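A.B. asks: no FASTA, just this:
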């Protein structure tokens, strides 16, 4: 009799455990669906706001804009001064206001830079390339500036500012990489 009672209790515990697991799984799926819907709504809301604002995008002072965008990500003001721009890979070399720090801005991702470094070049073409992005020291700090951390119009403003600062057209890119040496 006791064995039968123990089996019934064990079966009931297993049955209720299975019911609870099924309920938890349904709840997890409902929460995932709700999260997905919230993300879609937020993205659509940003698109609507962005479309309204995109018609009026202007960058009056590109260097100040670049300094503010970098300050949002870095957490401190660099007081940038432009030194030089390079073509391949597109790079803007700046120094901070205290002239102790070099800052390189590039729309090329670190992976693209590594790929360029790995490509084999003749000895003569290596002497012609003096882009500081291709010879970064090991202790270089890397930051990414994008729509997520610099404002919803960052990519549109970035294209205008880059053209003004370097004279180069930029491909449709949504990120700017900051290398601090």
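C.D. replies: Looks like it came in fine. Here the structure is a predicted model, which is why all the values come from computation and not from measurement.
A.B. asks: per-domain residue ranges of the protein.
C.D. replies: Following automatic domain parsing, one finds the domains of the chain at 1-56, 62-180.
A.B. asks: got the ones you listed as a markdown table, with mean neighbour count columns?
C.D. replies: The way it works is simple: take the backbone N, C-alpha and C, and place the C-beta from them, glycine included. Output for those, formatted as a markdown table (neighbours: other Cβ atoms under 10 Å):
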| stretch | mean neighbour count |
| --- | --- |
| domain 1-56 | 10 |
| domain 62-180 | 15 |
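A.B. asks: Compare those and say which comes out lowest on pLDDT.
C.D. replies: Of all the domains of the chain, the minimum mean pLDDT falls on domain 62-180 (a mean of 80).
A.B. asks: now that domain, how far from the chain's geometric center?
C.D. replies: Chain-centre distance of domain 62-180: 13 Å, with Cα atoms, centre = their mean, to the nearest Å.
A.B. asks: Ends of it, what's the gap?
C.D. replies: Taking Cα to Cα, to the nearest Å, the first and last residues of domain 62-180 lie 20 Å apart.
A.B. asks: With stretch 89-101 instead?
C.D. replies: Start-to-end, stretch 89-101 (Cα to Cα) is 21 Å.
A.B. asks: Strands of the protein, start to end?
C.D. replies: Under the criterion DSSP state E, strands of the chain are mapped to 81-86, 91-95, 102-106, 141-146, 175-180.
A.B. asks: remind me, longest helix of the chain?
C.D. replies: If you go by DSSP state H, the chain has its longest helix at helix 2-54.
A.B. asks: could you say what helices and strands that helix packs with?
C.D. replies: Packing contacts for helix 2-54, counted by 3 or more Cβ pairs under 8 Å, 6 or more residues apart in numbering; DSSP states H and E, involve no helix or strand.
A.B. asks: one step back: mind checking which of the strands of the chain is nearest residue 4?
C.D. replies: Among those, the nearest to residue 4 by Cβ to Cβ is strand 141-146 (65.7 Å).
A.B. asks: Residues contacting the closest one, please?
C.D. replies: 69-70, 72-74, 110, 154-155, 174-180 (Cβ atoms under 8 Å, 6 or more residues apart in numbering).
A.B. asks: I'd like the strands of the chain written out as a markdown table, with distance to residue 2 added.
C.D. replies: A markdown table is the format used below for the strands of the chain (distance: least, Cβ to Cβ, whole Å):
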| stretch | distance to residue 2 |
| --- | --- |
| strand 81-86 | 85 |
| strand 91-95 | 81 |
| strand 102-106 | 76 |
| strand 141-146 | 67 |
| strand 175-180 | 69 |
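A.B. asks: Among these, which comes closest to residue 35?
C.D. replies: Among those, strand 141-146 comes nearest to residue 35, with 21.9 Å by Cβ to Cβ.
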